[in-house]
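In: what would the 3D arrangement of this be:
(chains A and B)
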2 protein chains.
Amino acid sequence: MLKRFQYLKLKHTYFFLDICPKNMKALIINIGDELLIGQVVNTNASYIAKQLNLYGIFVDEIVVVKDDKTAILNALNKGLNYQLVIITGGLGPTKDDITKHTLAEFMEDKLIEDKVVLKDIENLLTSRGRTMNKLNKQQALVLSQCKVLRNYVGTAPGMIMKKNNTTFVSLPGVPFEMKPMIQEFLKLFSKENALDKIIHKTVFVFGIPESELAIKIENWENELKKHHIHLAYLPNRNLIRLRLSVYSEIPNIEDTLNQKISELKNILGKHFVGEEEFEHTEDNPLAKILIQKLKEKKWTISFAESCTGGSISAAITKIAGASEVFNGSIVSYSNDVKHTILGVSSDTLNKYGAVSKECVEEMATGVKKLLRTDIALSVSGIAGPTGGTPEKPIGTVWMCLIIQDKIQTKLFQFGNNSREYIIESAVFNALAWILKSILEL
Amino acid sequence: MLKRFQYLKLKHTYFFLDICPKNMKALIINIGDELLIGQVVNTNASYIAKQLNLYGIFVDEIVVVKDDKTAILNALNKGLNYQLVIITGGLGPTKDDITKHTLAEFMEDKLIEDKVVLKDIENLLTSRGRTMNKLNKQQALVLSQCKVLRNYVGTAPGMIMKKNNTTFVSLPGVPFEMKPMIQEFLKLFSKENALDKIIHKTVFVFGIPESELAIKIENWENELKKHHIHLAYLPNRNLIRLRLSVYSEIPNIEDTLNQKISELKNILGKHFVGEEEFEHTEDNPLAKILIQKLKEKKWTISFAESCTGGSISAAITKIAGASEVFNGSIVSYSNDVKHTILGVSSDTLNKYGAVSKECVEEMATGVKKLLRTDIALSVSGIAGPTGGTPEKPIGTVWMCLIIQDKIQTKLFQFGNNSREYIIESAVFNALAWILKSILEL
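Out: The predicted structure is shown next:
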C-alpha cells in the first residue's frame, strides 16, 4: 500500500513535468507582516498555486517575508532560480512602498508615474465619492521597464518584469484585487509559453476511499499513459476529484479523452457523480454536486438546524444556482423555536431532550411540511465547550433525513473537539449523507 | 499621515523586541505538496504565528516546501539562523516519512521505536475499533535524542530537538492534532525562556477608523512608554483590537496596566466595547462583542436571511454561549418561504420585488414576531453571478433592523464582486450595524 501511495504522490507532484513543454517551475513570494503575526491567513498563496497548476506550472516553494528591504531582496534573488516568480503584497497606500523601491533596485530600474494607472486610480476614487490625495498619487508610480497589469477594483497596479530568464509579477495583497489580475496575467503568459494548449477535465468521485478507487481503476489508469493522458487524484474526505490533462496538439486527443471518461463512468457507476471542464472555483465541491443531483431530479430541499446554526444552509447558498433547489431553513437554536415553529412536542423535549432521535425526527418532519420540500434534513447536537453529559458528551450529534416519505435517523460522535470542528464535521457529514442517500435510491 | 502609519507599522513589527528578554525570532517550515498545489490553505502557519506572538516570539519568515529531502534540508539549514524553528507536516501514515528520516540525518541522530508513543497509537486505534498495521507501527519511530510531544487525537507524535543554539519542533500537519501540541510545547518553552512573564490584555475598539483612533489616543499612548507598556494595533475592518503587553517583573506593573485601561475607557467612551485577557481564539470578534453586549442588556436576537442564506446565524452560533441571546432564524431563500412563513405580502413581492426596502421591513417584522426576540435583522440582496438588473445590480443588498420598536432600513452596494465576497460583506456589515445601533442607544 505504501508503494501505491508513494507512486500516487509522485505522480501528483510531478504531474505536469512531462506534459508541459517547458517544465515550468515557479516561486511564490508573499510580503507582509500581517502574515507573519498570524493576523491574516495566506489564502493568496493557495489560490495562486491552484491557478498556476491548472496551466501546468508547478509551485516549488512559497516564502512569506516581512516588509523589509533585505528580506525582500533575498527572496527576489532566490527567484532567479525559477522561470516564474509571483509576488503579492507590500503595495497598499499606507505601506511605505518598500516593495516597489526594492523591486526597482533589484531590476536596476527607476519608478515613473504611469498616466493610465493615474487615470484608473482617479476614476476609482471618483466612483467612491473621494478625491485623490498624495498617497493615492504615489500608487501610480511603476517601474519604467515593466508591463502594467491594471487593477479595476483597487488602487495598486500590478507589474510584469523580466530579469535574466525569470518573469517576475508583482500584485497587490488584497485577495479580490489580486484574483482578476493573476487571471489576466496567466492568459498572457500561457499563450506566450504555449501553456494554453493543456486541456483539463475534472471528474468527481464520491463514496469510495482513495485506496479502493486506485485499485478499482488500475487497468483503466494504465491505459491512460499510452494516450498521453495525465491523471491527478485530489481527495477531500470522501469526495475525490480526478483531474485528467492532455496536450491539445496530440492528434484526436479530445475524442480519446472523452472516450476514456465514458469508460470511467461505466467502471464507477453511481460513484461517478459529475464532471467539469477546467475546474477553478473555490466552492465546496460536495455542496455543488448535491445541488447538481437535486436539479437533475427536480427536487427541493430544506433544513432544520440547531447546533450547526445555519452553516449547512450557508454552504448550500454559497453555490450559484442554489435557488433552484433550496427553499430555505429554520434555524431552531432555542427549544422554544423547535416547539413553536417546527412543532416539536413539549413531551419530546422534556422526555428525550433536544439532542435526541425523537427530536430530530420531529424537526425534520416539521420543516419539510412547513417549507414544502421533497427532502428535509435536521440536526441537533452538543457543540461544546459546555453542555456535555456522560450520556451525551460533547460532539454528540443527531440528524434526521427525510427523502420524500422515507425517514432515516443517524447518530454521529465527533469527539471532544473544538466547537468549530464539531460544527464543520456536522456540515460535511450532513451533505455527504444526503448525497449518498440520493445516489443509492 | 504616512509617517504615522510607518511608525505604527514598525512598532507593530518590532513589538516585542524590547519587552522580550531574549529577543526571540522564529522560522516556520510547512512541509507538503498539498500546500504547493493549492489544495490546502496554510492555516497552520497563521495559527502558529499568532501563538508565538502571544509569547513574545516574532516569526521572521515562513517557508513552504515540498515533500523532498533536499528541499527540507535547505529549509532546516536556514533554521540554524533562528532561535526557534517550528516544522509541520510530512508525518502521516501514507507519507513515506521523508521528513523523519531527513530530520534524523540533519540532527545526526537515528530513529528508534518509542514505547509510550506506540502505546498511544494502539490506544487511539482501539478506541476507533481498528487494529495496528505496519504503517501505524512506523509512526512510533522518533529521533533517539528528541523529547516527544504526545499526540492524543492522532497517530503522529511531535518531537523537540536541539542543534547548536536552535530549538527545532516537528509537528503533524493536521490542524486539530497540531494545535494542542504547539500549546503544550509553548508552555514548556516559555517557562524555560522566561517568556511566560509577559502579560497581555486586549481592548476592543469599534466604530472609529484606525488613523482617527491613533490621533485620539496619542497622548495616552505616549504615556505608555514611560511605564514600559507596549501597544499593538490589530485592525480588522471597523473593529480594532489594541493589545497591551507588559513584563510582569516590573514592580506594580499590573496595577499600572489596569489604570491605563481605565483611562482609555474614558477617552474612547462608547467606542470601547470590551476587553479580554490573553486573546487567542479564532472567533469572529465582532460576533463575540455583539453577543457580550446582548447578554449585558438581556436581549435576544433573530434573523431573517435571504441572500446570506444562514451565514449571519452561523457566525453567531460559532461563538460559545450564543444560546443565551440567539433564539434562531428563518432562512427565507425562496419567495414562497418569505410569504408563507414570514408573512411578506404578495403585493410587496410583486410590486417591489424580494430585494426591496418594503420586503426587508416585512421580513424583519415577521421574524421578530414569530421568534419573539428583542432584536431582529433581515437581509435580502443579489449575490450574483446572475440576477442583476440595471436598477438592482449585483451587490445590491437591503437590510432592516428592528431594536425593540425602532425600525431602520439600509441599502448596501457591494459592487459586482464574487458571490462569496458579497455574502461575506453582508454578514460583516449586518453585525457591525447591529452593534453600532446598540451602542448608540
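In: surely residue A:374 meets residue A:404?
Out: Yes: taking C-beta atoms under 8 Å as the definition, residue A:374 is a contact partner of residue A:404 at 6.0 Å. Every residue, glycine included, has its C-beta placed from N, CA and C.
In: of these two, who's got more company?
Out: Taking other C-beta atoms under 10 Å in any protein chain shown, residue A:374 and residue A:404 do not tie; residue A:374 has more neighbours (17 against 10).
In: wait, residue A:330 touches residue A:339, no?
Out: No: with contact defined as C-beta under 8 Å, residue A:330 does not reach residue A:339; the gap is 11.8 Å.
In: show me where the stretch 151-300 of chain A has helices.
Out: Per DSSP state H, counting those that start in this stretch, the stretch 151-300 of chain A carries helices over the ranges A:175-192, A:210-216, A:218-226, A:253-268, A:285-297.
In: neighbours around residue A:181, how many?
Out: There are 23 residues near residue A:181, going by other C-beta under 10 Å.
In: nope, residue A:439 is what I was after
Out: 16.
In: which residues does stretch A:113-131 contact?
Out: Contacts to stretch A:113-131, defined as C-beta atoms under 8 Å, 6 or more residues apart in numbering or on different chains, come from residues A:132, A:136-137, A:139-142, A:148, A:150-155, A:157.
In: try it again with 7 Å
Out: Contact with stretch A:113-131 is made by A:132, A:136, A:139-142, A:148, A:150-151, A:155, A:157, as judged by C-beta atoms under 7 Å, 6 or more residues apart in numbering or on different chains.
In: and it, what's buried?
Out: By neighbour count with 16 or more other C-beta atoms under 10 Å in any protein chain shown, stretch A:113-131 contains the buried residues A:114, A:117-118, A:120-122, A:124.
In: ok now it, how far from the chain's centre?
Out: Here stretch A:113-131 shows a centroid-to-chain-centroid distance of 32 Å under the convention C-alpha atoms, centre = their mean, to the nearest Å.
In: same question for stretch A:43-62.
Out: From the chain centre to the centre of stretch A:43-62 is a distance of 13 Å (C-alpha atoms, centre = their mean).
In: mean confidence score for that stretch?
Out: Averaged across stretch A:43-62, the pLDDT comes to 90.
In: that one and chain B, are they touching?
Out: Yes: interface with chain B: stretch A:43-62 contributes A:43, A:45-47, A:49-50, A:53, A:59-62 (C-beta under 7 Å from any C-beta of the partner chain).
In: okay if I get these as CSV plus neighbour count and secondary structure?
Out: Listed next are these as CSV, based on neighbours: other C-beta atoms under 10 Å in any protein chain shown; DSSP: H, G, I helix; E, B strand; the rest coil:
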residue, neighbour count, secondary structure
A:43, 16, helix
A:45, 27, helix
A:46, 25, helix
A:47, 19, helix
A:49, 27, helix
A:50, 17, helix
A:53, 23, helix
A:59, 27, strand
A:60, 17, strand
A:61, 21, strand
A:62, 27, strand
